[in-house]
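Student: Here is my input, please return the structure:
(2 chains)
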Amino acid sequence: GIQVEQSPPDLILQEGANSTLRCNFSDSVNNLQWFHQNPWGQLINLFYIPSGTKQNGRLSATTVATERYSLLYISSSQTTDSGVYFCAVTSGGSNYKLTFGKGTLLTVNP
Amino acid sequence: DTAVSQTPKYLVTQMGNDKSIKCEQNLGHDTMYWYKQDSKKFLKIMFSYNNKELIINETVPNRFSPKSPDKAHLNLHINSLELGDSAVYFCASSYRTGGTYEQYFGPGTRLTVT
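Tutor: Reported below is the predicted structural model:
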């Protein structure tokens, strides 16, 4: 099956810093989602982005499907951005079987 | 106005017991899922139902049995619970046809088997 690798595995920032999280995948994808799992365990949808670029406030994401990667940008980070960021994809004949990466644990210090 | 809800949020039980987790979605989606998140935070799909029909059944012990009474509900029943079943179980939903396939997740049920 498809492999999803996220980097870095851990990231520590000071409040106000910018960061880029990366998601590489081993095969062509049908769909790609970015999630934020907050410290209370809730999985929050950030982006549904099988291709192209999207922005939502301080967050933006770009997926270059032909090169098999996606990037999540966080600008002016806040302590509430702390948590685990997951990339998840569907591939092959399935549009609904999400395969998750192992996540990036982001800690934003005040 | 919760989109995907699960009950209970926490479940503590002893080995050998049988337990159920319930999931409901009010998004009008036609497909629902169960995922398991282990102690290392790795998320893996277990089952998926579309309009009450099982469409994904990953390699999961047959002690786990999903049931979908209608397209808005998907329950997970677990027999003879084992220590290794301790995890967080997430329900999710999406469209299979007629929309994007974006999945939305419930708040999770933390199962602890002692």
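
Student: mind listing what B:Cys23 touches?
Tutor: B:4-6, B:32, B:34, B:73-76, B:91, B:106 (C-beta atoms under 8 Å, 6 or more residues apart in numbering or on different chains). Backbone N, C-alpha and C define where each C-beta goes, glycine included.

Student: can you do 10 Å?
Tutor: Residues near B:Cys23 by C-beta atoms under 10 Å, 6 or more residues apart in numbering or on different chains: B:4-7, B:32-34, B:66, B:68, B:72-76, B:89-93, B:106, B:109.

Student: Check B:Val88 too.
Tutor: With C-beta under 10 Å, 6+ apart, B:Val88 has these contacts: A:37, A:41, A:43, B:10, B:35-39, B:41, B:43, B:107-111.

Student: List just the nearest of those to B:Leu54.
Tutor: Nearest to B:Leu54 among those, counting by C-beta to C-beta, is B:Tyr35 at 15.4 Å.

Student: quick one: which helix or strand includes the closest one?
Tutor: Element membership of B:Tyr35 [criterion: DSSP states H and E] is strand B:31-37.

Student: can you list the residues of chain A near chain B?
Tutor: Chain A comes close to chain B at residues A:30-31, A:33, A:35, A:37, A:40-45, A:47-50, A:84, A:86, A:88, A:90, A:94-103, A:105, as judged by C-beta under 10 Å from any C-beta of the partner chain.

Student: I'd like to know which of these are part of strands.
Tutor: Among the residues of chain A next to chain B, DSSP state E puts A:30-31, A:33, A:35, A:37, A:43-45, A:47-48, A:84, A:86, A:88, A:90, A:99-100, A:105 in strands.
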